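K.L.:
sequence? don't have it. structure:
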């Protein structure tokens with residue numbers, strides 16, 4: 001009998017138009033996973049931060065060709081269509097449909113849950129478009145989903161070491177290097193969104209996953225390249241994990257390096273890739289006299305990436321696990337208490353491929 005298979009793609013979301021920027025920011029900063037203050041304080045801070053940051057953020061959104069809003073939803077829809085097509089080939093007798101659940105703007109996670117329920121899905125797979133797990137991203141989306149949808153689901157928590165993801169990144173990097181004229185003396189910066197240090201110290205595995213993934217990428221690019229993992233998008237007074245991307249760019253430029261910069265925690269083009277990496281940090285590189293600065297595209301709908309996502313869905317449907325990673329039941333070592341999978345297995349904390357370096 002044919003099944004209805006729902007795949008729910010989690011992502012951050014972004015404003016559709018300029019007028020949506022401030023309410024989007026307010027939704028973001030009132031999330032307890034982002035600001036852990038008591039409710040009245042968190043709501044006050046969310047209103048304050050969103051109102052003070054909105055003017056400058058609107059200017060950044062205006063720099064993209066998205067009508068004053070974010071290109072993230074259109075980009076995610078294209079990914080959803082590609083994944084639906086890939087899964088339809090694997091499940092020709094079933095009906096597969098991808099739903100989009102954004103955390104801080106429409107279509108909200110709760111809206112996706114209502115759509116899945118109305119559709120009458122027989123199987124549901126939750127698939128974050130955040131490769132690395134963090135309590136502030138996938139964790140927050142899972143919390144929202146569980147409040148809105150009470151039926152059993154299968155969850156993919158993370159896939160930072162999946163072969164298809166690594167391959168897609170390396171191919172994007174090498175394509176960018178070729179477009180830049182294949183310069184020598186390269187420093188490759190692998191940039192991820194930063195986090196306050198206290199979140200990592202509380203057991204969030206995000207930084208470990210990012211830096212282990214960076215090691216895997218480093219092993220596949222030319223051996224004479226220097227490769228550095230770094231973190232962008234810092235906001236607020238708290239101490240954040242580092243090194244900061246902006247400082248890494250300035251240092252590389254001062255040393256006369258040809259800079260390649262690739263986003264390893266973002267799979268779609270949006271404000272952090274197009275404006276922050278593409279425009280703001282380019283100015284930093286130019287001000288410090290970098291011989292060249294080349295932004296690498298996000299993996300988007302790279303064939304290897306979409307195929308890897310389909311693999312994750314297929315594995316989730318086949319296995320009798322409520323939650324799984326690219327390594328099976330649990331990826332993170334036991335010291336990462338923020339990992340959502342409480343059932344460890346023999347390979348916990350190890351990489352997917354035996355010939356890769358251990359990152360814990």
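P.N.:
All right, it came through fine. What you see is a predicted model, and the numbers here were worked out from it, not measured in a lab. Residues are numbered from 1 along each chain as shown.

K.L.:
which stretches in this structure count as helices?
P.N.:
Applying DSSP state H to the chain gives helices spanning 21-29, 39-62, 72-90, 109-119, 138-148, 163-179, 197-201, 206-218, 245-254, 281-287, 303-318.

K.L.:
who wins for proximity to residue 263 among those helices?
P.N.:
Nearest to residue 263, of all those, is helix 163-179, at 9.0 Å by C-beta to C-beta. C-beta coordinates here come from the backbone N, C-alpha and C atoms, glycine included.

K.L.:
just the pLDDT for the residue nearest to residue 250 when sequence neighbours are not counted.
P.N.:
On the basis of C-beta to C-beta, 6 or more residues apart in numbering, the spatially nearest residue to residue 250 that is not a chain neighbour turns out to be residue 288, at 4.9 Å. On the pLDDT scale, residue 288 is placed at 98.

K.L.:
for residue 288, grab phi and psi.
P.N.:
phi -100, psi 10 (degrees, to the nearest 10).

K.L.:
reformat the helices of the chain as JSON lines; add mean neighbour count and distance to residue 11.
P.N.:
Conversion of the helices of the chain to JSON lines gives the following (neighbours: other C-beta atoms under 10 Å; distance: least, C-beta to C-beta, whole Å):
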{"stretch": "helix 21-29", "mean neighbour count": "21", "distance to residue 11": "13"}
{"stretch": "helix 39-62", "mean neighbour count": "15", "distance to residue 11": "17"}
{"stretch": "helix 72-90", "mean neighbour count": "18", "distance to residue 11": "6"}
{"stretch": "helix 109-119", "mean neighbour count": "18", "distance to residue 11": "10"}
{"stretch": "helix 138-148", "mean neighbour count": "19", "distance to residue 11": "8"}
{"stretch": "helix 163-179", "mean neighbour count": "19", "distance to residue 11": "16"}
{"stretch": "helix 197-201", "mean neighbour count": "15", "distance to residue 11": "20"}
{"stretch": "helix 206-218", "mean neighbour count": "22", "distance to residue 11": "16"}
{"stretch": "helix 245-254", "mean neighbour count": "20", "distance to residue 11": "21"}
{"stretch": "helix 281-287", "mean neighbour count": "16", "distance to residue 11": "23"}
{"stretch": "helix 303-318", "mean neighbour count": "20", "distance to residue 11": "13"}
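
K.L.:
save the ones you listed as CSV, and put in distance to residue 227 too.
P.N.:
Putting the helices of the chain into CSV (distance: least, C-beta to C-beta, whole Å) gives the following:
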stretch, distance to residue 227
helix 21-29, 31
helix 39-62, 28
helix 72-90, 26
helix 109-119, 35
helix 138-148, 26
helix 163-179, 10
helix 197-201, 21
helix 206-218, 4
helix 245-254, 11
helix 281-287, 17
helix 303-318, 20
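
K.L.:
compare the ones you listed and give me the one nearest residue 4.
P.N.:
When the helices of the chain are compared by C-beta to C-beta, helix 109-119 sits nearest residue 4, at 6.5 Å.

K.L.:
any idea of the mean pLDDT for that closest one?
P.N.:
Along helix 109-119, the predicted local confidence has a mean pLDDT of 98.

K.L.:
ditto for stretch 196-204
P.N.:
When the per-residue pLDDT values of stretch 196-204 are averaged, the result is 96.

K.L.:
who's in contact with it?
P.N.:
Contacts to stretch 196-204, defined as C-beta atoms under 8 Å, 6 or more residues apart in numbering, come from residues 134-136, 195, 206-207, 236, 238-241, 335-339.

K.L.:
please apply the same query to stretch 119-128.
P.N.:
Under the contact criterion C-beta under 8 Å, 6+ apart, stretch 119-128 has outside partners 3-11, 97, 116, 137-138, 141-142, 145, 149, 151-158, 309, 312-313, 316-317.

K.L.:
I'd like to know how many residues surround the residue nearest to residue 250.
P.N.:
Other residues near residue 288 come to 17 when the count uses other C-beta atoms under 10 Å.

K.L.:
for the protein, what are the low-confidence residue spans?
P.N.:
Of all residues in the chain, those with pLDDT under 70 make up the ranges 344-360.

K.L.:
for residue 225, see how far away the most centrally placed residue in it is.
P.N.:
When the chain is reduced to its mean C-alpha position, the closest residue under C-alpha atoms, centre = their mean turns out to be residue 130, at 3.1 Å. In this structure, residue 130 and residue 225 are separated by 26 Å, where distance is defined by C-beta to C-beta, to the nearest Å.

K.L.:
with residue 311 instead?
P.N.:
The separation that residue 311 has from residue 225, given C-beta to C-beta, amounts to 29 Å.

K.L.:
how about residue 24?
P.N.:
When C-beta to C-beta is the yardstick, residue 24 and residue 225 sit 37 Å from each other.

K.L.:
try residue 103
P.N.:
From residue 103 across to residue 225, the span is 35 Å (C-beta to C-beta).

K.L.:
these two: which has the busier surroundings?
P.N.:
A count of neighbours by other C-beta under 10 Å puts residue 103 above the other of residue 103 and residue 225, at 23 against 17.

K.L.:
that one contacts residue 14, correct?
P.N.:
No - proximity of residue 103 to residue 14 does not meet the contact threshold set by C-beta atoms under 8 Å, at 10.4 Å.

K.L.:
pull the contacting residues for the closest residue to residue 126 other than its chain neighbours.
P.N.:
When the adjacent residues along the chain are set aside, residue 126 lies closest to residue 155, with 4.5 Å between them (C-beta to C-beta, 6+ apart). By C-beta under 8 Å, 6+ apart, residue 155 lies in contact with 125-126, 142, 316, 322-324, 340.

K.L.:
no further questions, thank you.
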